[in-house]
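J.: any chance you could fold what I've pasted below:
(one chain, ligands or ions: 2)
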Amino acid sequence: MKTPADFYKALAVGAPDPLRALPVNLERMIHFVPPHIDKVRAKVPELAARVDVILGNLEDAIPADAKQAAREGFLEMAGSCNFGTTGLWVRINALNSPWVLDDIDAVMTGAGGRLDVIMVPKVEGPWDIHFLDQLLAQYEARNGFEKPVLLHAILETAQGVKNVEAIAAASPRMHGMSLGPADLAASRGMKTTRVGGGHPGYGVLGDGAGTAAQRAFFQQDLWHYTIARMVDACASCGLKAFYGPFGDFSDPAACEAQFRNAFLQGCAGAWTLHPSQIDIAKQVFSPAVEEVLFAKKILEAMPDGTGAVMIEGKMQDDATWKQARVMVELARMVAERDPRLAGEYGLES
Ligand code: GLV
Ligand code: MG
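T.: Ligands and ions are numbered 1, 2, ... in the order given. From the prediction side, this is the model:
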């Protein structure tokens, strides 16, 4: 085991020091862009103004013969657009793939210090993070980066889920994790053919007499267990957890429900693969106005966060005060990006 003192030492001579806490950024949606498609790339400046994070995807969904074009497209995107406060991320190919070395070389050499986060697919254990940690430190030192590039792991293999706590604690370079339901379903041998979301067959039958058709059936969330494990692993290390893709673009209601389950369980955001999902994520991952107003009442009623008070018939104490702080801190970040919600929250600056 590394000693605590060594944990925060740069891993290469001349590399920036690891961060001791994550930068505080609003990341309600990570919007995926296929960078090899000129038509989509042309829309990046407009998209960057609408979303919290833009991600250039180099991995799955990019055909093998377009991998190089995707790398080049990503570098063009990174160099030609002013992202302002919008995060710039890239998803590289898996560490055992024939493409990953060229991906890392391209983005760490060509995207300069503009790159915020590298998303790493199919992370199996802390060893994957250690490998990248060392390699990125070498690139950062060689290219004079001022801040470290962070790592975001996709939780999408059975072994990754088994090792989720160790992955979260592997390095101060860790930003967070996303659930990858499509690859995870395959890795676990789940009998589905979907990219995220629920399944009509997974649920419980209500008590009572009669056939299944005559009784109530309650569909359950297939991802509840994994999201809960991911959120605990991430929160205990100061990282952020995200729901990943929702592939059925024709079902915005189910997408919203899946995103909301993740939000209520502690996730900070979700992936948006289609522009129609951006507003869904924005709505779900911005706290509801009535919840924020209620949270503000708790904070006002308990200025030092101790004791107990009743508000609208509900008991409040130190623990609800802490929940209220989570809600109001998120609302403040949302308010900085959204003047309409700032007004509704009563948090105009
Ligand atoms: C995402 O990469 C997934 O496999 O769901
Ligand atoms: Mg995947």
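
J.: beta partners of the residue most central in space within the chain?
T.: Nearest to the mean C-alpha position of the chain, by Cα atoms, centre = their mean, lies Phe242 at 3.5 Å. Phe242 has these beta-bridge partners by DSSP bridges: Ser178, Gly269.

J.: hang on, it packs against Ala270?
T.: Yes - using Cβ atoms under 8 Å, Phe242 is in contact with Ala270, at 5.9 Å. No exception for glycine: its C-beta is placed from N, CA and C like everyone else's.

J.: any common contacting residues for those two?
T.: 30, 262 (Cβ atoms under 8 Å, 6 or more residues apart in numbering).

J.: re the thing from before, ok, the residue nearest to the centre of the chain - contacts?
T.: Phe242 neighbours (Cβ under 8 Å, 6+ apart): 27, 30, 176-179, 262, 267-271.

J.: which member of the residues you listed is positioned nearest Pro63?
T.: Among those, Trp271 lies closest to Pro63 (Cβ to Cβ), at 19.9 Å.

J.: next, count neighbours for that closest one.
T.: Neighbour count of Trp271, defined by other Cβ atoms under 10 Å: 26.

J.: what's the answer for Glu140, then?
T.: By other Cβ under 10 Å, the residues close to Glu140 number 22.

J.: which residues does the longest helix along the chain contact?
T.: When the chain is parsed with DSSP state H, its longest helix is helix 318-337. Residues from elsewhere that reach helix 318-337 (Cβ under 8 Å, 6+ apart): 24-26, 28, 52, 85, 286-287, 291-292, 294-296, 298-299, 302, 305-306, 341-342, 345, 347-349.

J.: out of the residues you listed, which are buried?
T.: 25-26, 28, 52, 286-287, 292, 294-296, 298, 302, 341-342, 345, 347 (16 or more other Cβ atoms under 10 Å).

J.: and ligand 2, which of these contact it?
T.: Among the buried ones among the contacts of helix 318-337, no residue lies close to ligand 2 (Cβ under 5 Å from the ion).

J.: in stretch 154-171, what's buried?
T.: 154-157, 160-161, 163-165, 167-171.

J.: for stretch 16-33, same thing?
T.: Neighbour count says stretch 16-33 has 16, 18, 25-33 buried, by 16+ other Cβ under 10 Å.

J.: pLDDT on it, on average?
T.: In this model, stretch 16-33 has an average pLDDT of 96.

J.: that one and ligand 1 in contact?
T.: No - judged by Cβ under 6 Å from any ligand atom, stretch 16-33 stays clear of ligand 1, getting no closer than 9.6 Å.

J.: what about that stretch, start to end distance?
T.: 29 Å (Cα to Cα, to the nearest Å).

J.: can you list the residues of the stretch 101-250 of the chain near ligand 1?
T.: Near ligand 1, when you scan the stretch 101-250 of the chain using Cβ under 6 Å from any ligand atom, you find 121, 154, 156, 180-183, 195, 244-245.

J.: pull the most distant pair out of the residues you listed.
T.: Pro121 and Val195 (14.0 Å).

J.: which one's more surrounded, those two?
T.: Each of Pro121 and Val195 has its neighbours counted (other Cβ under 10 Å); Pro121 has more, 24 against 17.

J.: now the helix or strand hosting Arg340 - C-alpha only, CSV.
T.: Here Arg340, judged by DSSP states H and E, is contained in helix 339-345. Taking C-alpha atoms only, helix 339-345 is exported to CSV below (Å, rounded to 0.1, in the frame of the first residue of the first chain):
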residue,chain,number,x,y,z
PRO,A,339,-30.8,32.9,-14.7
ARG,A,340,-34.4,31.6,-14.9
LEU,A,341,-33.8,29.0,-12.2
ALA,A,342,-31.7,31.5,-10.2
GLY,A,343,-34.9,33.6,-10.0
GLU,A,344,-37.1,30.7,-9.1
TYR,A,345,-34.7,29.5,-6.4
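
J.: understood, closing this out.
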